[in-house]
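Q: Turn this into a structure:
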Amino acid sequence: MKLQLQFNLAFGLLLVFVLGFAAVLIHFVLLDYLVANQKQELRKINTEMAAKLGAAVGGQKAAVPSSDRGDSSNPEQAPQDQTASPDGTKAVSKTEAAQSLFEEYSGLALLLDEDGNVVQSSNEVRSLPSEALKLGKEDSTQFTTISPNQGNYISDVLEVPGIGRLAQLTPLSQIKQFERALMGRLLLVLLAGGLLALLLSMLLTRKLIRPLMKLRGELHKVQERRFGEVSLVQAGGEIGNVARTVYDLAGELDRHNRAQKQFFQNASHELKTPLMSIAGYAEGIRDGVFQGEQSIKGLEIIRNEAGRLTRIVTEMTLLAKLESEEDIFQPSGVDVKELIEDTAERVNPLLGSRSIQLNMQWPDQEPKRHLITADRDKLLQAFLNLLSNAIRHAQSTINVEAIYGKDSLTVRIHDDGPGFPEELIPNLFKRFVKGKGGETGLGLAISRAIVERSGGTISAGNDSDGGAVLTVALPLTGALQARGKVPPLALQS
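A: Have a look, this model is predicted:
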């Protein structure tokens, strides 16, 4: 089932439940209100009729409690509509007065004696069965249930002193009929509102679901590894955040995929060149093409190419481990000054063979130990790669300058060579990127991986006065410990 259909179905069921509950609640509340309102109307009519009946029988208005009359008129004051006897000489009996009064009344009215027997009634009441006109035994102000053929009635009974009880009845069926008519109109309004709400819900759901459907299509592209075809789905809120994440993920996967393809292409090219040299000279020596000194020279080339091939494979393996394996990196406390001096000692033969001078500059007010957290052997290899690269391009001088900061130590390696080609700088630390005179194209990539695993950064550029500049920034151990990022480490001598 589609998500949009599920949303619409769920909202429709919820709407039916809410409207049904509201209709039932309104039905009972409305019915109670109508019944209460009808009882107040009956009490008002009963009070007026009791006053007229008392005036007709006794020549004056009967005493009726003010709470029953609904006003604060003086009970001693005679009403304006007294009913005298036909000859005007005396008051009529209560039966005659009630009969005269009921003939003018179109509703259901009763006059009962003290025992609850009907003395007089209106014309509408005479059609009711006599057993239905009995007052309840426990409550003398309420009638017993009317017979099933007649239905239930709303009643109001008022005591008239000296006369009896005056009762007013209204069929409950009339109230229910009015309530049903009103409820029918109300249900039509609720139904129209419900349909309108459902229509709006479908439109809103479609608007919300559409980005999800598009996002599903983009994820399908990711599943099929078509990362470059993934586009950004425009949406707001959490859906927009997910869409942005998917788009960024696809971009990263696309870059990784292209880098991986480029890596295999470069790796195959770098491996193919020495293999072709080895195979060519080996076949030439086997077939007698190279003899004597040429054979010896061929064997030397085979040995050199094999060594080069071994270095490429070793560096590729190391780079892959640095980027994927955690155990290969064993951090410890390292003094950078001692590490740089050790690196300089190791490249001394290469410096001497090229007649290049290495100058090292350290701050005058430097701390006793320049401690960082790193794998000493790996970091030594990184600086060896950087110094070897500088030696290959320097003309006469290489300057190594250390800048000590509050939280970091920056080492700047500057040679007086021609500098890096500007178009090469953005990709200088990528695999198999070689400048003029480069070897495997992996040295700077390995240095970058080692420095970044040590928590530092590395960058390359050209000095304004000429020459290439390689800058390595490493966080000091004390700063990392203060931030709680690394545990205290023992100094490695």
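Q: quick check: mean pLDDT across stretch 98-116?
A: Across stretch 98-116, the average pLDDT comes to 78.
Q: Run the chain-centre distance for that stretch.
A: Averaging C-alpha positions (C-alpha atoms, centre = their mean, to the nearest Å) puts stretch 98-116 72 Å from its chain's average.
Q: what's the answer for stretch 238-245, then?
A: 10 Å.
Q: In it, which residues are buried?
A: Buried residues in stretch 238-245, counted by 16 or more other C-beta atoms under 10 Å: I239, V242, A243. Any C-beta I mention is one placed from the backbone N, CA and C, and that applies to glycine too.
Q: and what of stretch 102-110?
A: Quick answer for stretch 102-110 (16+ other C-beta under 10 Å): F102, L108, A109, L110.
Q: for the helix or strand in which the third one is found, packing partners?
A: Under the criterion DSSP states H and E, the helix or strand holding A109 is strand 108-112. Strand 108-112 makes packing contacts with helix 94-103, strand 118-121, strand 164-171 when contacts are defined by 3 or more C-beta pairs under 8 Å, 6 or more residues apart in numbering; DSSP states H and E.
Q: That strand versus strand 164-171: what angle between them?
A: Calculated by axes from the mean of the first three to the mean of the last three C-alpha atoms, to 10 degrees, strand 108-112 forms an angle of 160 degrees with strand 164-171.
Q: Show me where the stretch 51-200 of the chain has its helices.
A: In the stretch 51-200 of the chain, the segments counted as helices under DSSP state H, counting those that start in this stretch are 66-69, 94-103, 172-223.
Q: just those helices: most buried one?
A: Among the helices of the stretch 51-200 of the chain, helix 94-103 has the highest mean neighbour count (mean count of other C-beta atoms under 10 Å), at a mean of 19.
Q: what about that one, distance to the chain center?
A: 78 Å.
Q: Check stretch 280-293 too.
A: That offset, for stretch 280-293, works out to 72 Å (C-alpha atoms, centre = their mean).
Q: Residues in contact with that stretch: which ones?
A: Residues from elsewhere that reach stretch 280-293 (C-beta atoms under 8 Å, 6 or more residues apart in numbering): S295, K297, G298, L299, I301, I302.
Q: List the buried residues in it.
A: For stretch 280-293, by 16+ other C-beta under 10 Å, it's G280, Y281, I285, F290.
Q: and if you look at stretch 226-233?
A: Buried, per 16+ other C-beta under 10 Å, within stretch 226-233: F227, V230, V233.
Q: quick one: least confident helix or strand in the protein?
A: helix 66-69 (a mean of 40; mean pLDDT, DSSP states H and E).
Q: that older thread, output the helices of the stretch 51-200 of the chain as TSV; include the columns distance to E338.
A: Shown next, in TSV, are those (distance: least, C-beta to C-beta, whole Å):
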stretch	distance to E338
helix 66-69	107
helix 94-103	124
helix 172-223	49
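Q: Quickly list the domain ranges of this protein.
A: 3-177, 237-324, 332-482 (automatic domain parsing).
Q: any idea which of those domains is most buried?
A: Mean neighbour count (mean count of other C-beta under 10 Å) peaks for domain 332-482 among the domains of the chain, with a mean of 17.
Q: Check the offset of that one from the chain's centre.
A: That offset, for domain 332-482, works out to 46 Å (C-alpha atoms, centre = their mean).
Q: any chance you could map the helices in the stretch 351-493 of the chain?
A: Under DSSP H, counting those that start in this stretch, the stretch 351-493 of the chain gives helices at 376-393, 443-453, 477-482.
Q: Make CSV out of those and add mean pLDDT and distance to L14.
A: Putting these into CSV (pLDDT from 0 to 100; distance: least, C-beta to C-beta, whole Å) gives the following:
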stretch, mean pLDDT, distance to L14
helix 376-393, 88, 62
helix 443-453, 86, 54
helix 477-482, 56, 55
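Q: residue ranges for the strands of this protein, please.
A: 108-112, 118-121, 153-160, 164-171, 332-335, 357-361, 371-374, 397-404, 408-415, 457-462, 468-475 (DSSP state E).
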